[in-house]
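Visitor: With the sequence up front, the predicted model follows.
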Amino acid sequence: MSELIEEFEVFASTTLDDISARLEVLVAIEQLPNGLVSDVLIILDELISNLFKYGGGKRLEVKLYKSADVLEVRCKDDGAPFNPLMTQRPDLEVPMEDRAIGGLGLELVLAMTDSQNYHYDGNCNHLTLTLSLS
Amino acid sequence: MALNITVTDETDSTLRLNLDGSLDSDTYAQLESLLASKVTDHTKLVAMNLADLKFISSSGLRVFFKTIKQLKKNGGKVAVSHMQPGVKKVFEIVKALPDLSIFASVEELDAYLASFQR
C-alpha cells in the first residue's frame, strides 16, 4: 500500500527553495530519507523548467506517495502534450565538443528513477516516477 | 535556490571563480551572464572552486557544457576543484568528468595555474 505523504502545486513564481523547504519538512518528520532530497529536486527542477519555458503550462501538481520501499513522484501539468521520456537521448560516449547540448535533464531523471510512466489524459500530462527507498 | 559567485582571480587568459549555493533553473543565468561577460577567445582556463556548491541540476550542467565547448574550441580548459559528492554524481551521470580538469585541492590548482601562466 502506498500512502500520500505530500502534495503541492507549482507555478511559474514558485522557487526551488519553496519546494526544498517542503522536502526538508518531510525529512524532519522522517517521511523522506535525506539522501533523496537532491534527487527529487533535480527531477522537479527539470520538469518545472521544461513546463514553464517550453510547455506553455501554468501549473504543475506534485504528489509524493510512499510505500515500504518506493517513493512515487506523481506529476500532472497543464502544458502542451509532451512526453519527456521520448526526448532524443544524447550520445554520452563522445567528447563534449562533439555533443549537442540537450537531453541532459532526461539523463538525470532516468538515472535517478527506477521506473517512469507517461500518459496524456484530460488535457494534462501525467508523469509518474519511482525512486527506490532502500 | 541562491547562488553566490565570487571572482577570485582574473587575467587575460584565466578566470577563477568560487560558486556558493545552488546552480539550478533559478540561478544558472547568473553564471551564464558572468561567463559571457568575462570569457573571450583569449581565455585558456576557467577554474571553479565548487567546495560550497551544494546542488546542480540540468540547467547548471548546460552552462558547464557550453563553457567547456567554448573553451575547447580555442584550446582552453574548464577546471573544477572540491566537488561535493552530490554534484559529482550529476557530472558522472552525464559522463562530463573526462572533459573537466579536476583538482582535489586549491594547492593542486594553484600549481597547475602557475604552470599555465608561465
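Guide: Great, that's in hand.
Visitor: Which parts of the chain are helices?
Guide: Since you didn't name a chain, this refers to chain A. Under the criterion DSSP state H, helices of chain A are mapped to A:16-28, A:37-50, A:104-112.
Visitor: could you do chain B instead?
Guide: B:28-38, B:58-73, B:85-93, B:106-117.
Visitor: can you list those helices in CSV and add mean pLDDT and distance to residue A:110?
Guide: From N, CA and C alone the C-beta is placed, and that goes for glycine too. Shown next, in CSV, are the helices of chain B (pLDDT from 0 to 100; distance: least, C-beta to C-beta, whole Å):
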stretch, mean pLDDT, distance to residue A:110
helix B:28-38, 98, 21
helix B:58-73, 95, 12
helix B:85-93, 95, 9
helix B:106-117, 78, 33
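Visitor: re the thing from before, same list (the helices of chain A) but as CSV, adding mean pLDDT and mean neighbour count.
Guide: CSV is the format used below for those (pLDDT from 0 to 100; neighbours: other C-beta atoms under 10 Å in any protein chain shown):
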stretch, mean pLDDT, mean neighbour count
helix A:16-28, 96, 16
helix A:37-50, 95, 23
helix A:104-112, 95, 21
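Visitor: I'd like these as TSV, with distance to chain B appended.
Guide: Converted to TSV, these look like this (distance: least, C-beta to the nearest C-beta, whole Å):
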stretch	distance to chain B
helix A:16-28	5
helix A:37-50	4
helix A:104-112	4
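Visitor: who's the residue positioned nearest the centre of chain B bridged to?
Guide: Central residue check for chain B by C-alpha atoms, centre = their mean: the C-alpha nearest the mean position is that of residue B:48, 3.9 Å away. Beta bridges link residue B:48 to residue B:17, residue B:80 when assigned by DSSP bridges.
Visitor: can you tell me how far it sits from chain A?
Guide: Going from residue B:48 to chain A by C-beta to the nearest C-beta, to the nearest Å gives 16 Å.
Visitor: Could you report the pLDDT at that residue?
Guide: Model confidence at residue B:48, given as pLDDT, is 96.
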